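Trainee: Build the 3D model from these lines:
(one chain, ligands or ions: 2)
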Amino acid sequence: MVAVAILAAGRGTRMKSDLPKVLHNLGGRSLVERVLGSLCEIQPTRKFVIVGYRGDLVSAALEPLSELEFVEQTEQLGTGHAIQQLLPHLEGFEGNLLALNGDVPLLRSETIKLLLDTHNQYRNAATILTAHMPDPKGYGRVFCNNESLVSQIVEDRDCTDAQKQNRRINAGVYCFNWPKLAEILPNLKTNNDQQEYYLTDAIKILEPVMAVDLEDYQEILGINDRKQLAAAYQILQTRIKDRSMKAGVTLIDPDSITIDDTVELAPDTIIEPQTHLRGKTKIGKGSRIGPGSSIENSEIGNNVRVLYSVISDSTVADDSQIGPYSHLRGRAQVGSKCRVGNFVELKNTTVGDRTNMAHLSYLGDATLGDGVNIGAGTITANYDGVKKHPTQIGNGTKTGSNSVLVAPVNLGENVTVAAGSTITEDVPDDSLVIARSRQVVKPGWQLKKE
Ligand code: UD1
Ligand code: MG
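Mentor: Ligands and ions are numbered 1, 2, ... in the order given. Next up, the predicted model:
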């Protein structure tokens, strides 16, 4: 039986931010959400998040995740003090407590499982994650009696010069036998440089404490400042890109590309340089995205070409071409075999199959059928200054260049709109509509004037 506690009450002074540290974003998810994500291989009976500094923000951000219990640490007197707040909540609890700092976002779920399994196998009082860090500055140093039995943890700022030479660091991820920890928690002292109650001091008192040493020290990087946040992002990117390439995705110039780990890429897709894929984006097989494109929370089908374009909250079906320089947003839905070209913006617009809009258009709140052709410079005037209005364009309809469709308006099927028309009234199927003044030519006029 295991309960989990995530320490998320600290302000994160070194971030120099109004936002609590654990809510800072790392590749599409907050630090604390990532820590919660590392628990997916274990089934905790209870999950506590200890909140304090701007606790309202932290609990609001995590509210949608189910079954979390928020415990308030009103004054942040240290990591030991944070865990002391659990005493009334876990009275009589006989299982283990997995305690994790909220700022260790790169942990793998397999590692958490290994920590727990080791703890149970050896029946330790506590088991902790450690690693040898090339630059251990800022981390607590772990001292062992033998290879894996821990005697104490000394914080960087409390270390003697000799102790600082030890590169074995405390990851801030612990599994405790709760009854044993609960017994000694009230005895923690504040005799350290920060005058805080350190959870790490519990390690000195408990016995036996075992270290689980990780080879990949990057996994347990703690985020305390913006530089470490940026470093963690790079590590995350390397992980995501390695995984994508292994799964059959070609990345051209990977260093210039960024991909959130919530993005799904099918095999034989090619991602070109300077392309950024964010949020819940899905890209189908054999598509070619970029260069210079940004796609967020969007679904792109198979064999789609996207060139120098921006797409958010939208979908594009198979075999369509987007760009160069297109902008799809606000739930734009493009069908298959469509062409959306140069300087075309689609907002909350549904486009059928085999429909083209190749140049210079704005289509907002519109519904287009199949086989439509939107002439260069066609604009939906969807906003009357107060409200947005819809435009319907039926199958096979063609708009001439520089047409303005004043919404609400309904163009039937197989309509032809003459170039330069301003359409203010509905047009029935199979008609030609011309809504512009006739050209007047006055021969010899210039001559006469002179
Ligand atoms: C801590 C460890 C250190 C370890 C490092 C790993 C202690 C004393 N030190 O140091 O040994 O190497 O993590 O990253 O534990 N928090 C609270 N309440 C508080 C104070 C902190 O909830 O009163 C939370 C913070 O929000 C944070 C976590 O605890 O998520 C760790 O606090 P932080 O100040 O980052 O500790 P470190 O100095 O990094
Ligand atoms: Mg930290």
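
Trainee: Which positions in the protein make contact with ligand 1?
Mentor: 7-10, 22, 50, 52, 73, 76-79, 81-82, 101-104, 139-140, 153, 155, 169-172, 198-200, 222, 224 (CB under 6 Å from any ligand atom). C-beta here means a position set from N, CA and C on the backbone, and glycine is covered the same way.

Trainee: Can you show me the helices along this structure?
Mentor: Secondary structure of the chain, counting by DSSP state H: helices at 31-37, 55-62, 79-84, 109-122, 161-164, 178-184, 200-205, 226-246, 445-449.

Trainee: What residues are bridge-paired with residue 152?
Mentor: With DSSP bridges as the criterion, residue 152 is bridged to residue 143.

Trainee: show me the contacts for it.
Mentor: For residue 152, the residues meeting the contact criterion (CB atoms under 8 Å, 6 or more residues apart in numbering) are 143, 203, 204.

Trainee: what do you get if the cut-off is 10 Å, keeping everything else the same?
Mentor: 140-145, 163, 200-201, 203-205, 209 (CB atoms under 10 Å, 6 or more residues apart in numbering).

Trainee: nearest to residue 355, of the residues you listed?
Mentor: residue 140 (61.5 Å; CB to CB).

Trainee: Just to check, the closest one is in contact with residue 170?
Mentor: Yes - in this structure residue 140 lies within contact range of residue 170 using CB atoms under 10 Å: 3.9 Å.

Trainee: Spell out which residues are contacts of both of those two.
Mentor: With contacts taken as CB under 10 Å, 6+ apart, residue 140 and residue 170 have 128, 130, 153, 154, 155, 156, 199, 200, 203, 222 as neighbours in common.

Trainee: Tell me how far stretch 255-272 lies from the chain's centre.
Mentor: Between the centre of stretch 255-272 and the centre of its host chain there is 14 Å, according to CA atoms, centre = their mean, to the nearest Å.

Trainee: Could you list the buried residues of it?
Mentor: For stretch 255-272, burial by neighbour count (16 or more other CB atoms under 10 Å) applies to 256-263, 265-266, 269-272.

Trainee: Send over that stretch as CSV, restricted to the C-alpha atoms.
Mentor: The C-alpha atoms that make up stretch 255-272 are tabulated as CSV, following Å, rounded to 0.1, in the frame of the first residue of the first chain:
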residue,chain,number,x,y,z
ASP,A,255,18.1,21.1,-33.4
SER,A,256,15.9,23.7,-35.1
ILE,A,257,12.7,21.8,-34.4
THR,A,258,10.7,21.6,-31.2
ILE,A,259,8.1,19.0,-30.4
ASP,A,260,5.9,18.7,-27.3
ASP,A,261,5.7,15.2,-25.9
THR,A,262,1.9,15.3,-26.3
VAL,A,263,2.4,15.3,-30.1
GLU,A,264,1.7,12.1,-32.1
LEU,A,265,3.6,11.6,-35.3
ALA,A,266,3.0,8.7,-37.7
PRO,A,267,5.8,7.0,-39.6
ASP,A,268,7.2,8.4,-42.9
THR,A,269,6.3,11.9,-41.9
ILE,A,270,9.0,14.4,-42.6
ILE,A,271,9.4,17.4,-40.3
GLU,A,272,11.4,20.2,-41.9
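
Trainee: Which residue does this structure have closest to ligand 2?
Mentor: The chain approaches ligand 2 most closely through residue 222 (3.8 Å), counting by CB to the ion.

Trainee: what's the burial count for residue 146?
Mentor: If you count neighbours by other CB atoms under 10 Å, residue 146 ends up with 7.

Trainee: 253 is where my numbering starts, stick with that
Mentor: Fine by me, first position is 253 from now on; the one you just mentioned is residue 398.

Trainee: so what's it up against?
Mentor: Contacts for residue 398 were tallied using CB under 10 Å, 6+ apart; there are none.

Trainee: mind checking how far it is from ligand 1?
Mentor: For residue 398, the distance to ligand 1 (CB to the nearest ligand atom, to the nearest Å) stands at 21 Å.

Trainee: next one: residue 479
Mentor: Taking CB to the nearest ligand atom as the criterion, residue 479 is separated from ligand 1 by 14 Å.

Trainee: quick one: contacts for that residue?
Mentor: Shown in contact with residue 479 (CB under 10 Å, 6+ apart): residue 266.

Trainee: Buried residues, stretch 533-553. List them.
Mentor: By neighbour count with 16+ other CB under 10 Å, stretch 533-553 contains the buried residues 533-536, 538-553.

Trainee: ditto for stretch 343-362
Mentor: Counting neighbours by 16+ other CB under 10 Å, the buried set in stretch 343-362 is 345, 347-360.

Trainee: and ligand 2, which of the residues you listed contact it?
Mentor: Among the buried residues of stretch 343-362, the ones lying near ligand 2 by CB under 5 Å from the ion are residue 355.

Trainee: per-residue confidence at the residue nearest to residue 439 when sequence neighbours are not counted?
Mentor: When the adjacent residues along the chain are set aside, residue 439 lies closest to residue 457, with 7.0 Å between them (CB to CB, 6 or more residues apart in numbering). pLDDT recorded at residue 457 is 96.
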